[in-house]
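[1] Compute the structure for the input listed below.
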Amino acid sequence: MGQIKAVLCGYYGKGNAGDEALLASLLQMLPPNVKPLVLSGNPRETKKRYQVESFDRMSAWQVFKVLRNADVFMWGGGSLMQDVTSFASPLYYAGLMGLAKQFGLRTIAWAQGIGPLERPIIREIAKQVFAKCELVSVRDRASANLLLNWQIPCGLAPDPVWALESLPVKGLWDLPAPRVAVTLRQHPQLTPERIANLTKALINFQKATDTFILLVPFQKSKDLAIAKSIQSQLPGASKILTLDDPRELKGLFQGVEMAIGMRYHSLIMAAAQECRCFALSYDPKVSQLMQELSIPGWELTEIPDDPKLITQTWLDCYANGDSLSSAQIQSLVDRALIHRELLNQALAGG
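    From the prediction side, this is the model:
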């Protein structure tokens, strides 16, 4: 069985724990005959963390060089083709996919969450790019339905992070229990007033439950300032916990009773560890996850103006909320491994 050189492309090396978790999941699922070549915003850190060859995603010379010497080009999970956060981002990923085609590489779009696609031109580009891929797999029903409408075949399975191996977090069990994790991020709809109300509600929640609050930034540039602001006002014990290894980040939720999360992958990681979850949705992917798993929560625009009502809702979730059962979790993990089976089919054998 010959070795296959596969270029892995995603939002890697940019300090976003969700995208790092997707990369870790992909590396875990690659067939043994595949040599990963990772495009990264921080190649040195990516190489150190995952023990793989890594290249600067913004260096045209490095990208051209690695594509010339590869066999396969792969989008490695996540919401790469969407134009809400950036107009340039989908053009970048589509451009690399097109370049890979010109170099004669096999192309794979793996574990994608497609959209939102608000601009007709980006929507058409996405349609053309997906249509030319040898393999497409998606992580949600909405993405699958979009491709179905475009008459593009695809595999559908839960997000691969469900199947990501977790690692223990040093010192976690030395922290006071019970523990509640909070993952908030900057967003235009998370206004200063809403942050203030959520903070007041969390203060009251901590007083009522005597819980240890873990504030967990998934992306320091967008999460850390909010975490620091909240921690400075909490009356009880708390800690801001930043973890660089996504496997440890998933392991963190083994020691948490409840998670209050905006971050999509924070909710997946927490739910996968039998943790009760409460969601604050800023994106359709979070809303879809809430619906699929029956996770209680609010859209950001629906957060109550009354902190007492927020607190009471959280207390009810803490006292009476249900986590996923072991059987439900195992089913999601097993189905997430379909992404691995698809890779094996597409890549095994050289």
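[2] how is the chain carved up into domains?
    The chain is divided into the following domains under automatic domain parsing: 4-156, 172-331.
[3] Could you dump those domains into TSV and include mean pLDDT, distance to residue 339 and mean neighbour count?
    Placement of C-beta: from N, CA and C, glycine included. Converted to TSV, these look like this (pLDDT from 0 to 100; distance: least, C-beta to C-beta, whole Å; neighbours: other C-beta atoms under 10 Å):
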stretch	mean pLDDT	distance to residue 339	mean neighbour count
domain 4-156	96	5	19
domain 172-331	97	14	19
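[4] what's in contact with the lengthiest helix in the chain?
    As assigned by DSSP state H, the longest helix anywhere in the chain is helix 192-209. Residues from elsewhere that reach helix 192-209 (C-beta atoms under 8 Å, 6 or more residues apart in numbering): 178, 180, 182, 184, 211, 213, 226, 229-230, 233-236, 238, 260, 280, 300, 303-308, 310-311, 314-315, 318.
[5] Now it - C-alpha only, PDB.
    What follows is helix 192-209, C-alpha atoms only, in PDB (Å, rounded to 0.1, in the frame of the first residue of the first chain):
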ATOM      1  CA  PRO A 192     -22.700  45.000  26.700                       C
ATOM      2  CA  GLU A 193     -26.200  45.000  28.200                       C
ATOM      3  CA  ARG A 194     -26.700  41.300  27.500                       C
ATOM      4  CA  ILE A 195     -23.200  40.500  28.900                       C
ATOM      5  CA  ALA A 196     -24.100  42.500  32.000                       C
ATOM      6  CA  ASN A 197     -27.300  40.600  32.500                       C
ATOM      7  CA  LEU A 198     -25.600  37.300  32.000                       C
ATOM      8  CA  THR A 199     -22.900  38.300  34.500                       C
ATOM      9  CA  LYS A 200     -25.500  39.300  37.100                       C
ATOM     10  CA  ALA A 201     -27.300  36.000  36.500                       C
ATOM     11  CA  LEU A 202     -24.100  34.000  36.900                       C
ATOM     12  CA  ILE A 203     -23.300  35.800  40.100                       C
ATOM     13  CA  ASN A 204     -26.700  34.900  41.500                       C
ATOM     14  CA  PHE A 205     -26.400  31.300  40.100                       C
ATOM     15  CA  GLN A 206     -23.100  30.800  41.900                       C
ATOM     16  CA  LYS A 207     -24.400  32.200  45.200                       C
ATOM     17  CA  ALA A 208     -27.400  29.800  45.000                       C
ATOM     18  CA  THR A 209     -25.300  26.700  44.000                       C
END
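[6] starting at the chain centroid, how far to stretch 102-116?
    Distance of stretch 102-116 from its chain centroid, counting by C-alpha atoms, centre = their mean, to the nearest Å, is 17 Å.
[7] do stretch 168-175 as well
    23 Å.
[8] again with stretch 292-302
    For stretch 292-302, the distance to the chain centre is 17 Å (C-alpha atoms, centre = their mean).
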